[in-house]
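A.B. asks: what shape does this take:
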Amino acid sequence: MPLITVTSEKNNRYIALLDGKELGILIYPKWYSQDAEIEIGRTQYIIKNKGFWRTDSEVLKVGKMLFRIKTKWRGTVIIKFNEPHHPYMLEPKGWFSNGYVLKDYTGKDVFVMTQEFSWKKWSSGFEACSHIDMEDEDSKVLLMVSLHYYRSALNAAATGVVAAT
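C.D. replies: Next up, the predicted model:
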């Protein structure tokens with residue numbers, strides 16, 4: 001199982017590395033943005049929020065939808081556009097566990113992700129343990145989308161804690 005490390009630059013640019021080789025880059029135009037860009041090699045993808053409550057999103061490549069994402073109370077559902085009957089589910093590892101798990105439609109783990117916070121740099125990074133081959137571009141896009149939603153869940157939790165105090 002390969003271990004993927006994700007480092008951040010100024011909390012708006014995240015770089016995923018596997019054995020020192022770049023898998024992809026996740027870029028936010030603003031630190032509070034829910035929209036993002038993904039760069040894998042020379043290919044660019046856009047994560048665009050939709051809907052009144054902004055709980056639905058699409059992953060676009062040159063204007064064509066590749067993934068549809070729905071955020072629900074129990075987790076985030078990622079649906080590949082050409083395989084609507086094989087959704088992925090991003091959910092917390094457990095009530096007191098740190099991290100998220102992306103599962104396929106059979107319930108098998110695809111990625112297990114945890115946050116790595118650096119107090120010295122005051123920035124967060126992530127680690128992802130992959131249960132699939134990371135050679136094809138769809139796997140890389142799925143990883144970057146999962147990291148985006150894991151980061152969003154962490155930001156929402158932090159906002160809730162700050163608002164409660």
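A.B. asks: so the nearest residue to residue 55 once chain neighbours are set aside, which of the three states?
C.D. replies: Excluding the flanking residues, the one nearest residue 55 by Cβ to Cβ, 6 or more residues apart in numbering is residue 71, at 4.4 Å. The way it works is simple: take the backbone N, C-alpha and C, and place the C-beta from them, glycine included. Using DSSP: H, G, I helix; E, B strand; the rest coil, the structure places residue 71 in strand.
A.B. asks: swap in residue 116?
C.D. replies: Under three-state DSSP, residue 116 comes out as strand.
A.B. asks: these two touch, right, it and residue 128?
C.D. replies: No: counting by Cβ atoms under 8 Å, residue 116 does not reach residue 128; the two are 10.6 Å apart.
A.B. asks: least trustworthy helix or strand in this protein by mean pLDDT?
C.D. replies: helix 137-164 (a mean of 75; mean pLDDT, DSSP states H and E).
A.B. asks: for the residue nearest to residue 155 when sequence neighbours are not counted, the count of nearby residues, please.
C.D. replies: Distances taken as Cβ to Cβ, 6+ apart place residue 32 nearest to residue 155, at 8.0 Å, with adjacent residues excluded. Using other Cβ atoms under 10 Å, residue 32 is surrounded by 9 other residues.
A.B. asks: quick one, grab the pLDDT at residue 32.
C.D. replies: Per-residue confidence (pLDDT) for residue 32: 74.
A.B. asks: also residue 86?
C.D. replies: 90.
A.B. asks: let's verify it: helix, strand, or coil?
C.D. replies: With three-state DSSP as the criterion, residue 86 reads coil.
A.B. asks: so how far is residue 136 from the residue nearest to residue 88 when sequence neighbours are not counted?
C.D. replies: Nearest residue to residue 88 in three dimensions, chain neighbours excluded: residue 78, at 4.3 Å (Cβ to Cβ, 6+ apart). Using Cβ to Cβ, to the nearest Å, one gets 16 Å for the distance from residue 78 to residue 136.
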